[in-house]
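> Attaching a predicted model along with its sequence, questions to come.
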Amino acid sequence: MDVVFTWINETDPMVAAQLRWARAGVSVADTRDGSQEMRYRSFGELELAVAAVRRFAVGVNRIFVITSGERPTFDPSIHIIRHRSFIPNARLPTFSTNSIHAHLHRLYRRVSNPFMLFDDDILLTRRIDLTRPNVQSTNYLAPEGRGWPITPFRNTTFARGVQNSVWSIRRKLGTNRPRQNVPAHTPQICYFETLIAVARIFSTETLHHKYHPFRSLHECNMRVLWNAVDLKMKLCTAEDGNKVSTFLQMGPFGLQRFSRELCNVRDAPKQYLTINDDILGSNSSTLYGYATALNTFYLWLWALYAANSTQATARPHGDAMLCYKSK
């Protein structure tokens, strides 16, 4: 099975210029948080994510990275898929994960069917065998999504994207479709049968809506649509993503809590780990504090990803981590 990452490298001069051009023409009312720095800031996650796949994923064929043209320099064996090779020029440049996901059906015959889709901040922390049928049929869901209201309650692009998807599912698949859940922060097993079906059923909502270079309030969350069609076509079984995935946020709950949660991952890792940048603004002291906490955590991760390593052999490399006690 092929593994596919999506990645934006804001430090690349070409990408930085595209970001400046796109931000100059956006409407804050449309994009809300979609164009903020935290969406594209990097803490070196992609290199770790690729190392994690090479260490823990069994049955990987090729590794692809979808970019606007920039190439990761840390691994020359990675295959690059440029946006312009599968997304129409009228919708470029794009920095919207939703828009990129909406066009993945155009990669048919270029990557394996199925393939495993990762965001660049999703890390494996335990072994997974991609050759096993039960893994290939697993669709991870988040239980809190089932009862989300139809009336928007938050003007964030993620929440609105989920709700746009729920509306579309009810219109196109019937009002009583089950499992309209928010997808958890886990990789997604993508079947082209599903991607093509979603592109046909929801073409108006996903391919022909108003162009916006960033994630906007008008888009659908593609994972929600994929999940609904997967389950309708009986291509997958559902599992509670919270049981196998740890989701950490930088910013909302403070540095001490974040550091304590990193220590919890070190002591009892689940299958997947996602570290999400939700740091508003670019205050240098705030960013330095989180970067310092991550650097000590990364020492443990790199030790864990070394050949023939175990949690026991990697553990001493995490001793430098600062673990605050709960109040």
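Yep, that arrived.

> Following element in sequence after the helix or strand of the chain with the lowest mean pLDDT, please.
Within the chain, confidence by mean pLDDT, DSSP states H and E is lowest for helix 28-31 among all helices and strands, at a mean of 61. Remark: after helix 28-31, the chain's next helix or strand is helix 45-56, criterion DSSP states H and E.

> next one: the helix or strand following that next one to chain centre, how far?
Using DSSP H and E, the helix or strand that directly follows helix 45-56 along the chain is strand 57-58. Relative to its chain's centre, strand 57-58 lies at 19 Å (Cα atoms, centre = their mean, to the nearest Å).

> Number of residues surrounding Met321?
When neighbours are counted by other Cβ atoms under 10 Å, Met321 registers 18. For glycine as for every other residue, the C-beta is placed from the backbone atoms N, C-alpha and C.

> Over to Gln256. Which of the three states is it?
Per DSSP: H, G, I helix; E, B strand; the rest coil, the secondary structure class of Gln256 is helix.

> What residues does it make contact with?
Counting by Cβ atoms under 8 Å, 6 or more residues apart in numbering, Gln256 touches Tyr324.

> swap in Asn134?
So Asn134 contacts Thr237 (Cβ under 8 Å, 6+ apart).

> Skipping its backbone neighbours, what lies nearest Val58 in space?
Asp129 (4.4 Å; Cβ to Cβ, 6 or more residues apart in numbering).

> so that neighbour sits right up against Met116, yeah?
No. Using Cβ atoms under 8 Å, Asp129 is not in contact with Met116; the gap is 11.9 Å.

> For Val4, which non-adjacent residue is closest in space?
Phe64 (4.6 Å).

> quick one: contacts for the one you found?
Contacts of Phe64 by Cβ under 8 Å, 6+ apart are Asp2, Val3, Val4, Phe5, Ile78, His79, Ile80, Ile81, Val111, Phe115.

> try 7 Å
Asp2, Val4, Phe5, His79, Ile81, Val111 (Cβ atoms under 7 Å, 6 or more residues apart in numbering).

> State the pLDDT value of the nearest residue to Ile128 once chain neighbours are set aside.
Setting aside the residues directly before and after it, Ile128 is nearest to Ala57 in space (Cβ to Cβ, 6+ apart), at 5.6 Å. Ala57 carries a pLDDT value of 96.

> Please apply the same query to Leu117.
With respect to pLDDT, Leu117 scores 96.

> close enough to count as contact, it and Gln188?
Yes. Using Cβ atoms under 7 Å, Leu117 makes contact with Gln188 at a distance of 4.5 Å.

> Low-confidence stretches in the stretch 151-300 of the chain?
151-154, 175-181 (pLDDT under 70).

> again, only this time at 80
151-155, 174-184, 209-210, 231-235, 280-282 (pLDDT under 80).

> And the helices in it, which stretches?
157-173, 192-201, 203-206, 222-232, 255-267, 284-304 (DSSP state H, counting those that start in this stretch).

> most tightly surrounded among those helices?
helix 222-232 (a mean of 25; mean count of other Cβ atoms under 10 Å).

> Just the CA atoms of that helix, as PDB, please.
Coordinates of the C-alpha atoms in helix 222-232 are reproduced here as PDB (Å, rounded to 0.1, in the frame of the first residue of the first chain):
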ATOM      1  CA  MET A 222     -14.000  15.700   2.800                       C
ATOM      2  CA  ARG A 223     -13.300  13.000   5.500                       C
ATOM      3  CA  VAL A 224     -16.900  13.400   6.700                       C
ATOM      4  CA  LEU A 225     -18.200  12.800   3.200                       C
ATOM      5  CA  TRP A 226     -15.800   9.900   2.600                       C
ATOM      6  CA  ASN A 227     -16.900   8.200   5.900                       C
ATOM      7  CA  ALA A 228     -20.600   8.500   5.000                       C
ATOM      8  CA  VAL A 229     -20.000   6.900   1.500                       C
ATOM      9  CA  ASP A 230     -17.600   4.300   2.800                       C
ATOM     10  CA  LEU A 231     -20.200   3.100   5.200                       C
ATOM     11  CA  LYS A 232     -23.000   3.200   2.700                       C
END
